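[1] Have a look at this prediction, sequence included:
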Amino acid sequence: MKRSEATPSTILRIKVIPRSSCNQLAGVEGGLLKIKLTAPPVDGKANKALCHFLADLFGKPQTAVTILNGEKGRLKTIRIAEMTSEKADRMIRESMEATR
């Protein structure tokens, strides 16, 4: 019997800055990835915008992005399915360098 390996996933700690002028990565602060979103933190709009932003950033469907913790706060723990942490770090770095 063949043993299947677990699908890799990445856990990100994020600080969301809602009601910003644009959706963008805003740097790293205290080990947290800062993300600016135009959506307000009302009725889950900022959470939906965050999931959409991260799915676009990593080229994944929105179903691959899960909020594990922090649905009602600015500090969130996010899981990105089928993404290694090395690849996620590289994509984040490249995106931040491209927006400078």
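    Here it is on my side, so go on. Worth saying up front: this structure is predicted, and the values here are computed from it rather than measured.
[2] For stretch 32-49, give the mean pLDDT please.
    On average, the pLDDT along stretch 32-49 is 98.
[3] Any chance you could list what contacts that stretch?
    Stretch 32-49 is contacted from outside by 12-28, 50, 53-54, 67, 71, 74-75, 92, using Cβ atoms under 8 Å, 6 or more residues apart in numbering. For every residue, glycine as well, the C-beta is placed using N, CA and C.
[4] what about 10 Å?
    Outside stretch 32-49, the residues that touch it by Cβ atoms under 10 Å, 6 or more residues apart in numbering are 12-28, 50-54, 57, 62, 67, 70-76, 78, 88-89, 92, 96.
[5] swap in stretch 67-86?
    The contact list for stretch 67-86, computed with Cβ under 10 Å, 6+ apart, reads 7-18, 32-35, 41, 44, 46-47, 50-51, 54-55, 57-61, 63-66, 87-88, 90-91.
[6] Which residue, other than its chain neighbours, is closest to Leu57?
    Excluding the flanking residues, the one nearest Leu57 by Cβ to Cβ, 6 or more residues apart in numbering is Ser95, at 6.1 Å.
[7] show me what contacts that neighbour?
    Taking Cβ under 10 Å, 6+ apart, we find Ser95 in contact with Gln24, Leu25, Leu57, Phe58.
[8] Filter the residues you listed down to the ones in strands?
    Gln24, Leu25 (DSSP state E).
[9] what ranges do the helices span in this protein?
    Assigned by DSSP state H, the chain shows helices spanning 45-58, 85-98.
[10] could I get the contacts of Ser95 as TSV with neighbour count?
    Compiled in TSV, these are given as follows (neighbours: other Cβ atoms under 10 Å):
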residue	neighbour count
Gln24	17
Leu25	17
Leu57	18
Phe58	21
